[in-house]
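> Build me a structure from this.
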Amino acid sequence: MTTDPFPPAETYTVTGTGPAAGRGPARVVIRGVRFILAHVPGLVAAGSKPRRELPAGGAALRAELRSRLRSFALAVAYPPHQVMIGSLAPEALREIARPWHRHPIAGARPRGPGGAIVDQMTFYAWLARADAANLVRFTEDFAARLADATGAGPIPAASAQQIARTLEDRGEPLFHEDERPVGAVAAGHEQDEALSATVLLENLAAKATGALALRRLLDEVDDPDPVEYLLGCGEEAVGDRYQRGGGNLAKAIGELAGVRTAGGADVKAFCAAPLHGLLMAGALVASGRYRRVVVVAGGSLAKLGMKFRGHLAAGYPVLEDVLAGVAIDVGRDDGHSPILRLDAAAVHRVGDGTAPHQMARVLTVEPLRALGLRLSDIDRYAVELHNPDITEPAGSGNVPAANYQVIAALAAQAGEIARSEMPAFAEAHGMPGYSPTQGHIASAIPYLPHAVAGLTDGALRRVQLVAKGSLFLGRMTAMGDGISMLMERNTLRTAERGGPDGGAQG
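Modelled structure (predicted):
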């Protein structure tokens, strides 16, 4: 039996009225962050890579994949997942031998100060809630199990024959514990590729996981202000054949999470989108237009099992078996939460070079020098925090380690450290990677729960978030993208200047 940790809310009751127009400029803080990891082994085969390669591999490859899927208990005890939900510090991973899946955390719990890990039954219950077009159906037996296990109320059900007909008509199967489908997603239109069952399942999965994260944030972060605007920063293109990426999944996520006080829109920038969303959210609050904006995103189903071949070859379990959702609360200065230094934001411009050292210079050195800061003045750099347990067996290397090496080289080039000190600099200012390879999720933001804690109740003073985006993947440009944001302890400048820090935080 599992209990649904986030029962549906009919409405999100708040005080306050209307937008904050005319309230004047304000300093901006990040008040809270929550992640959701939905463990969905039954959907791994629906990821883009398994979907393409399993048919060619036949029954043997399918059987091998199924044999390497993890249980929920093992997913919860996996050390990087415990870091994602804030129950374990990133630095603690250095004390655990790799590969980390061989060293599960004893007594690990699915809830932490930075989020929660939910099981597949909970995810399926929310998937059913997310369906506004009556396209998701479960078998009668499984629907009854699902309602009983999650306390979710009636679940849309269909006979086995109806499920079979849906699958024959280009539907998408839903699996749970074996080879037999327990449900299906129907296509939204007979001739519209953008409303195929495959695309709709991806979009519904993003909606459900984003809403799970947003609901948890609203339930746990004490804030008197209503959420007035939502910025979606996921990677899915929601639309139809006439506007394939029309979007505004943000508003759909808000509806599912029970928010009635917010409008919203989506921000698209590949993996860099969450930080672009933070920049826009901060600007909306600083301008006085809104008091509280939440940046939200759901998981990328297409990336499930993306590197499964490498994991099978290495004898690993399939580690890309979770969908990640996130909600980031941006609001007016409360005197305690970390300041989001909008004046220190940097974006990669069209004319900037795209070599790693050029990108790093634009995003780290230049904005810090403008404030009179050195690279060593940043306590932690949060970069692309991909989990090397996932990437290395597939030949993708250790992405965070490579990023920290570049930043350390820039510090040496600037004369802040000797070249011999580069490894020590990277270890002191960096961290091991631990994020699922969910694209936009991995770029800097997994560190946010730890940054908020360290900048309020810990010893951190400054954290720089650095994200990159692969714009070239869309075939519209050969450019990459990048953006960085600086977070600062709320009382830092007051203490350093010996007086109050008045005026707007730009």
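> When you work out contacts or count neighbours from here on, use the C-alpha atoms and nothing else.
Will do.
> show me where pLDDT drops low in the protein?
Across the chain, the ranges flagged by pLDDT under 70 are 1-25, 493-506.
> At the geometric centre of it, which residue do we find?
With distances taken as C-alpha atoms, centre = their mean, Ile441 lies nearest the centre of the chain, 3.2 Å away.
> Counting neighbours, which bits of the longest helix anywhere in the chain end up buried?
Counting residues, the longest helix found in the chain (DSSP state H) is helix 197-220. Buried residues in helix 197-220, defined by neighbour count with 16 or more other C-alpha atoms under 10 Å: 197-218.
> For the nearest residue to Ala237 once chain neighbours are set aside, give its distance to Gly439.
Sequence neighbours aside, Gly245 is the residue nearest to Ala237 in space, at 4.2 Å (criterion: C-alpha to C-alpha, 6 or more residues apart in numbering). Counting by C-alpha to C-alpha, to the nearest Å, the separation of Gly245 from Gly439 is 18 Å.
> Between these two, which is the more surrounded one?
Regarding Gly245 and Gly439, a neighbour count based on other C-alpha atoms under 10 Å identifies Gly439 as having more, with 21 against 16.
> Now do the phi/psi pair for Gln464.
phi -110, psi 130 (degrees, to the nearest 10).
> Check which helix or strand the nearest residue to it once chain neighbours are set aside maps to.
Using C-alpha to C-alpha, 6+ apart and skipping the chain neighbours, the partner closest in space to Gln464 is Leu486 (4.5 Å). Element membership for Leu486, per DSSP states H and E: strand 481-488.
> Report all helices and strands that that strand contacts.
With contacts taken as 3 or more C-alpha pairs under 8 Å, 6 or more residues apart in numbering; DSSP states H and E, strand 481-488 sits against helix 273-286, strand 339-347, strand 462-469.
> chain center to the following helix or strand past the longest one, what's the gap?
By that I understand helix 273-286. Going down the chain from helix 273-286, the next helix or strand is strand 292-297, by DSSP H and E. Its chain's average C-alpha position is 12 Å from that of strand 292-297, according to C-alpha atoms, centre = their mean, to the nearest Å.
> same for strand 292-297, what does it pack against?
Judged by 3+ C-alpha pairs under 8 Å, 6+ apart, the packing partners of strand 292-297 are helix 197-220, strand 229-232, helix 273-286, strand 322-332.
> So which residues make contact with that strand?
206-207, 209-210, 213-214, 225-234, 250, 274, 277-278, 281-282, 284-285, 325-332 (C-alpha atoms under 8 Å, 6 or more residues apart in numbering).
> Apply 7 Å and report the result again.
The contact list for strand 292-297 (C-alpha atoms under 7 Å, 6 or more residues apart in numbering) reads 210, 214, 225-234, 250, 277-278, 281, 285, 325-331.
> same check, this time on stretch 158-173
Contact partners of stretch 158-173, identified using C-alpha under 7 Å, 6+ apart, comprise 137-140, 181, 183-187, 197-198.
> Taking these, tell me the two that lie furthest apart.
Using C-alpha to C-alpha, these reach their maximum pairwise distance at Glu140 and Thr198, which is 22.4 Å.
> that older thread, format the contacts of stretch 158-173 as JSON lines; extra columns: distance to Val238 and secondary structure.
JSON lines is the format used below for these (distance: C-alpha to C-alpha, whole Å; DSSP: H, G, I helix; E, B strand; the rest coil):
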{"residue": "Arg137", "distance to Val238": "21", "secondary structure": "strand"}
{"residue": "Phe138", "distance to Val238": "23", "secondary structure": "strand"}
{"residue": "Thr139", "distance to Val238": "27", "secondary structure": "strand"}
{"residue": "Glu140", "distance to Val238": "29", "secondary structure": "helix"}
{"residue": "Pro181", "distance to Val238": "25", "secondary structure": "coil"}
{"residue": "Gly183", "distance to Val238": "22", "secondary structure": "strand"}
{"residue": "Ala184", "distance to Val238": "20", "secondary structure": "strand"}
{"residue": "Val185", "distance to Val238": "16", "secondary structure": "strand"}
{"residue": "Ala186", "distance to Val238": "16", "secondary structure": "coil"}
{"residue": "Ala187", "distance to Val238": "14", "secondary structure": "coil"}
{"residue": "Ala197", "distance to Val238": "13", "secondary structure": "helix"}
{"residue": "Thr198", "distance to Val238": "12", "secondary structure": "helix"}
